[in-house]
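Trainee: Make a model of this:
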Amino acid sequence: MPQLMVMDPVAQLAAELGVFQPAAERPRSIEGLRVGLYWNRKPGGNWALERVGKMITDRFAGAEAEFFDARRPIPEEVVADIRARCDVVVGATAD
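Mentor: Modelled structure (predicted):
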């Protein structure tokens with residue numbers, strides 16, 4: 001009898017990453033902070049992040065939003081760039 005094996009590389013990658021704990025220290029406010037907006041290039045995620053960025057800059061005085069995009073797994077140089085340039089990050093995936 002024929003067999004079909006279905007493989008999902010994203011699920012496999014997520015399993016390899018393990019479980020992450022939230023950041024130990026979180027800012028009480030994002031006023032005056034630089035917020036990174038990370039998009040994994042799946043359709044629709046960019047629109048959601050653009051909206052989030054606008055809402056953040058409208059609501060929090062002095063906050064800035066900067067957009068980053070890269071497919072998963074995120075290259076180390078992109079992670080390093082985000083860390084160097086941003087105080088907090090909002091990430092989105094979509095389809």
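Trainee: Just the residues contacting stretch 20-27, thanks.
Mentor: Under the criterion CB atoms under 8 Å, 6 or more residues apart in numbering, residues 33, 87-88 lie in contact with stretch 20-27. (C-beta placed from N, C-alpha, C; glycine too.)
Trainee: Now rank these by neighbours and give me the top one.
Mentor: Counting neighbours by other CB atoms under 10 Å, the top entry in the contacts of stretch 20-27 is residue 33, with 17 neighbours.
Trainee: and the closest residue in space to it that isn't next to it in sequence, what does it touch?
Mentor: Ranked by CB to CB, 6 or more residues apart in numbering and with sequence neighbours excluded, the top spatial neighbour of residue 33 is residue 87, at 4.0 Å. Listed by CB under 8 Å, 6+ apart, the contact partners of residue 87 are 27, 30, 33-35.
Trainee: any idea which of those residues has the most stuff around it?
Mentor: residue 30 leads those on contacts (other CB under 10 Å) with 21 neighbours.
Trainee: quick one: what helix or strand has residue 66 in it?
Mentor: strand 64-69 (DSSP states H and E).
Trainee: which helices and strands does that strand pack with?
Mentor: strand 34-39, helix 45-59, helix 76-85 (3 or more CB pairs under 8 Å, 6 or more residues apart in numbering; DSSP states H and E).
Trainee: confidence score at the residue nearest to residue 88 when sequence neighbours are not counted?
Mentor: Distance criterion CB to CB, 6+ apart; nearest residue to residue 88, sequence neighbours excluded, is residue 35 at 5.5 Å. With respect to pLDDT, residue 35 scores 97.
Trainee: Check the one 10 residues further on too.
Mentor: Residue 45 is assigned 88 on the pLDDT scale.
Trainee: Quick check: the gap between it and residue 60.
Mentor: 22 Å (CB to CB, to the nearest Å).
Trainee: hey, which helix or strand in the protein has the poorest pLDDT?
Mentor: helix 9-17 (a mean of 62; mean pLDDT, DSSP states H and E).
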